[in-house]
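J.: with the input below, show me the fold.
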Amino acid sequence: MTRFTSLELCAGSGAQALGLERAGFDPVMLIDNNEFACRTIRLNRPQWDVRCRDLMSFDPLDEDEPDLRKVLDIDLISGGMPRIKAAAAVARPDSDDHERSLLRAAISVLMAVRPKALMLENLEGLVQDNNYADDRSWIEAELEHLGYRTFWRVLDAADFGVPQHRRSGFLVALAEGYGYDFVWPEPHPGPPPTVGQALGASMGANGWPGAEQWAAAADRPGPALIGGSDNRGGGDLGPTGSKKAWAALGVEGASLSDESPSAGFPVDHWPRLSVRQTAILQAIPDDWRIYGRKTRAYRQIGNALPPPVAEAVGRSIVAALRGGTAPTVD
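T.: Numbering: from 1, shown residues only. The predicted structure is shown next:
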C-alpha cells in the first residue's frame, strides 16, 4: 500500500507523529523548539529528521538553507499547536500572544509548501467558541483563497480507546480534488477503558495490596492530563479543579511519583501517578521512551495528542487522499 509523506510542526514528544505513522504517513521533517522533546523523538525514531528550532524562523524557501526544500513535495502538514489564548485574554496589556503567532506561522508554511492536506490540533475553543471566531474566519479565508476545503471538529480521546476524556479541536484542510471524500472518524464501539482498567496492573506491580480495590473504584475514564508549559506547571496533575477530578478517582494529584505504590503503601491511601502511568493514560506505548527527568518528561506527555486519536484522523485523511477527484456535476 502506498504511504504518504508529512511535515510535523510543533512536534512535541512525537506522539502525534507516531499516530500518523500508524495511519500511513512518514515524516520528512519534524520541528520543535524544545530540546527535550527533540531528544525524545530521536530516541525513538533515529531515522527521522528532527530540527530543534523555532517555527517562527522556519522558511522552506530560504535560499540560505537549501536542505529545507525537501519539504516542498509532501502530502501533509501536521501540527499539535500550543494552546492559543482567547481574544479577551490577548487584549490584556501583559499578554504574550506567541501561541497565536505560531498558528499563523503554520499557515504561512502551508502557503509555501502547498501540501495536499493540513491537520492542526488545538484546544476545542478554537473550533466552537465565539472568542475565537476571528481566528477561524482568518484561517478559513486564507485556506479557501489557496484552494483548500476546511473541516472543523472537536474529538474526545475517550471515543478512540483512550482512558481519558480529552477534548481536542481539529482543523483539517484538503486541496482541491480531495476534500469531497473526507469524513471524520467514527468513535470506537463500546465504552472507553476506565482508569482502573488501564492502570490496575501497574498499581499492583510492586506488591501494593490495595491495587485491585483501587482499580475497581476508578471505574471511568480520567479527566484530561495537563502538562503545563515550560514556564510553569508540569509537576502535578494541574489546577485545583483537575486535582479534585482525579481525587474522585482515588488519585492524589498534588505531585507525581517515581514508581508504583510499594507493598507497604496503606490500602486506604490515594496513590500518586508515575510518569509511566500518565503515558499509559495517553495511550503512549511502553516502548516509546520519554527523555528527561520527571517534570520535563511529564510536560511532554501531558501536552501530547494521544496516538490513537492522531491515527484515526490520519486514516480519514489517507482515505480522502486515495479517493481522488471531486464528483462531477451534471
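J.: which residues in the stretch 51-200 of the chain form helices?
T.: Secondary structure of the stretch 51-200 of the chain, counting by DSSP state H, counting those that start in this stretch: helices at 87-90, 98-113, 125-128, 133-145, 195-203.
J.: which helices and strands does the fourth one pack with?
T.: Put plainly, it is helix 133-145. For helix 133-145, the helices and strands in contact under the criterion 3 or more C-beta pairs under 8 Å, 6 or more residues apart in numbering; DSSP states H and E are helix 98-113, helix 125-128, strand 148-156. C-betas here are computed from N, CA, C, even on glycine.
J.: and the longest one, what does it pack onto?
T.: Just to be clear, that refers to helix 98-113. With contacts defined as 3+ C-beta pairs under 8 Å, 6+ apart, helix 98-113 has these neighbours: strand 4-9, strand 76-80, strand 117-122, helix 133-145.
J.: check contacts around Thr194.
T.: Under the criterion of C-beta atoms under 8 Å, 6 or more residues apart in numbering, the neighbours of Thr194 are Pro163, Ala218, Asp219, Arg220, Pro221.
J.: for the helices and strands packed on helix 98-113, which one sits closest to Ser57?
T.: With respect to Ser57, and counting by C-beta to C-beta, the nearest of the helices and strands packed on helix 98-113 is strand 4-9 at 12.5 Å.
J.: and the helix or strand just after that closest one, what's buried?
T.: The first helix or strand that comes after strand 4-9 along the chain, using DSSP states H and E, is helix 15-23. The neighbour-count criterion (16 or more other C-beta atoms under 10 Å) identifies Ala15, Gln16, Ala17, Leu18, Gly19, Leu20, Glu21, Ala23 as the buried residues of helix 15-23.
J.: the second one contacts Ser78, correct?
T.: By that I understand Gln16. Yes: taking contacts as C-beta atoms under 8 Å, Gln16 lies within contact range of Ser78: 6.5 Å.
J.: what is in contact with those two at once?
T.: Shared contacts of Gln16 and Ser78, defined by C-beta under 8 Å, 6+ apart, comprise Glu8, Ala310.
J.: coming back round to it: now the helices and strands packed on helix 133-145 in CSV, with mean pLDDT, distance to Thr295 and mean neighbour count?
T.: Conversion of the helices and strands packed on helix 133-145 to CSV gives the following (pLDDT from 0 to 100; distance: least, C-beta to C-beta, whole Å; neighbours: other C-beta atoms under 10 Å):
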stretch, mean pLDDT, distance to Thr295, mean neighbour count
helix 98-113, 94, 21, 18
helix 125-128, 91, 26, 19
strand 148-156, 97, 27, 18
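J.: right, so of these, which gets closest to Lys244?
T.: Within the helices and strands packed on helix 133-145, the stretch nearest Lys244 is strand 148-156; the backing value is 20.1 Å (C-beta to C-beta).
J.: ok and the closest one relative to strand 117-122, angle-wise?
T.: Between strand 148-156 and strand 117-122, the angle comes out at 40 degrees (axes from the mean of the first three to the mean of the last three C-alpha atoms, to 10 degrees).
J.: what's strand 148-156 packed up against?
T.: With contacts defined as 3+ C-beta pairs under 8 Å, 6+ apart, the secondary structure elements packing on strand 148-156 are helix 125-128, helix 133-145, strand 167-175, helix 307-323.
J.: what does it contact?
T.: Where contact means C-beta under 8 Å, 6+ apart, the residues beyond strand 148-156 that reach it are 118, 124, 127-128, 136, 139-140, 143-144, 165-176, 178-180, 182, 184-185, 309, 312-313.
J.: can you rerun that using 7 Å?
T.: Outside of strand 148-156, the residues that reach it under the criterion C-beta atoms under 7 Å, 6 or more residues apart in numbering are 118, 124, 127-128, 140, 143-144, 165-175, 179, 182, 184, 309.
J.: tell me the mean pLDDT over stretch 167-179?
T.: Averaged across stretch 167-179, pLDDT comes to 95.
J.: from the chain's centroid, how far away is it?
T.: Relative to its parent chain, stretch 167-179 has a centroid offset of 16 Å by C-alpha atoms, centre = their mean, to the nearest Å.
J.: what residues of it count as buried?
T.: Along stretch 167-179, the positions that meet the burial threshold by neighbour count (16+ other C-beta under 10 Å) are Ser168, Gly169, Phe170, Leu171, Val172, Ala173, Leu174, Ala175, Gly177, Tyr178, Gly179.
J.: can you lay out the residues you listed as a markdown table showing distance to Leu30?
T.: Written out in a markdown table, the entries for the buried residues of stretch 167-179 read as follows (distance: C-beta to C-beta, whole Å):
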| residue | distance to Leu30 |
| --- | --- |
| Ser168 | 19 |
| Gly169 | 22 |
| Phe170 | 19 |
| Leu171 | 19 |
| Val172 | 19 |
| Ala173 | 20 |
| Leu174 | 22 |
| Ala175 | 22 |
| Gly177 | 27 |
| Tyr178 | 23 |
| Gly179 | 25 |
